[in-house]
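K.L.:
my questions are about this predicted structure, shown below with the sequence.
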Amino acid sequence: MSTRAGPCVLIAQGLRTVFRDPVLRGLATATSMLAASTGMLLAILVLHVVETLDAPQSSYGLLFTLYATGSLAASAVVAILHSILGTRRCLLASAALGAASLLTIAWAPTATIAAIGMVMLGAATMIYNVLAVTLRQQHTPDQILGRVSSIFNVVGIGSVPVAALAAGVLASHYGTPLTISSGAGLCVFAGLAIATLIPNLDTKTADEPKHGHVDQRESDDKP
């Protein structure tokens, strides 16, 4: 007869898996930074559009429509990009595109230019999300995939409100352009995390899924 492991044990198993695997560790670091950059933008975008760009309030909703358009377009070509560039280069490209898009939004002279930045940001987000989720699943044993996915959800979603709070403080002192630009800086750091923490994934051995043996401690049930 077996007893179900407690929640603290299950959380520890997920954390242990993430910290042991260099790919998962690098992805978690990059994901937190990219999520934080988006959180900073979302917190002050309405102020940036209405006050800094002096655009009508309706422009705010239009920008999000264009963001979704960029995401949809990227979803149609991400497989092609992956076949050409490989996983690691695509992740690096998405971080670079995210930084460029935030800088475009931050320093756009008009809402029209900012709209281009939102399309770019939507594309960058979709490319990263598709490849990061796939890579995370490949490097996580099936038995603990739910726990590892939960860790990434906490890392990603939990970064957003913290970044939003920081964005409000920064915007009140330095304005929205510099604050959004700091989000671009987070994208750069995310790219550095991908480049330094994640090994080369485009070799024959590095891209193989790691669905090997899982220690008994990593299973759902304990004897």
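P.N.:
Good, I have the coordinates.
K.L.:
just the buried residues of whatever helix or strand G185 lives in, please?
P.N.:
Using DSSP states H and E, G185 falls within helix 176-197. Buried residues in helix 176-197, counted by 16 or more other C-beta atoms under 10 Å: 176-177, 179-184, 186-187, 189-191, 193-194, 197. In short, each C-beta sits where N, CA and C put it, glycine included.
K.L.:
and the longest helix along the chain, what's buried?
P.N.:
Scanning the chain for the helix with the most residues, using DSSP state H, yields helix 145-174. Neighbour counts over helix 145-174 (16+ other C-beta under 10 Å) mark 147-148, 151-152, 155-156, 159-160, 163-164, 166-167, 170-171 as buried.
K.L.:
and these as JSON lines, adding distance to T17 and pLDDT?
P.N.:
What follows is the buried residues of helix 145-174, written out as JSON lines (distance: C-beta to C-beta, whole Å; pLDDT from 0 to 100):
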{"residue": "R147", "distance to T17": "7", "pLDDT": "88"}
{"residue": "V148", "distance to T17": "6", "pLDDT": "90"}
{"residue": "I151", "distance to T17": "8", "pLDDT": "89"}
{"residue": "F152", "distance to T17": "11", "pLDDT": "92"}
{"residue": "V155", "distance to T17": "13", "pLDDT": "90"}
{"residue": "G156", "distance to T17": "17", "pLDDT": "92"}
{"residue": "S159", "distance to T17": "20", "pLDDT": "95"}
{"residue": "V160", "distance to T17": "24", "pLDDT": "95"}
{"residue": "A163", "distance to T17": "26", "pLDDT": "97"}
{"residue": "A164", "distance to T17": "29", "pLDDT": "96"}
{"residue": "A166", "distance to T17": "29", "pLDDT": "97"}
{"residue": "A167", "distance to T17": "32", "pLDDT": "97"}
{"residue": "L170", "distance to T17": "35", "pLDDT": "97"}
{"residue": "A171", "distance to T17": "38", "pLDDT": "96"}
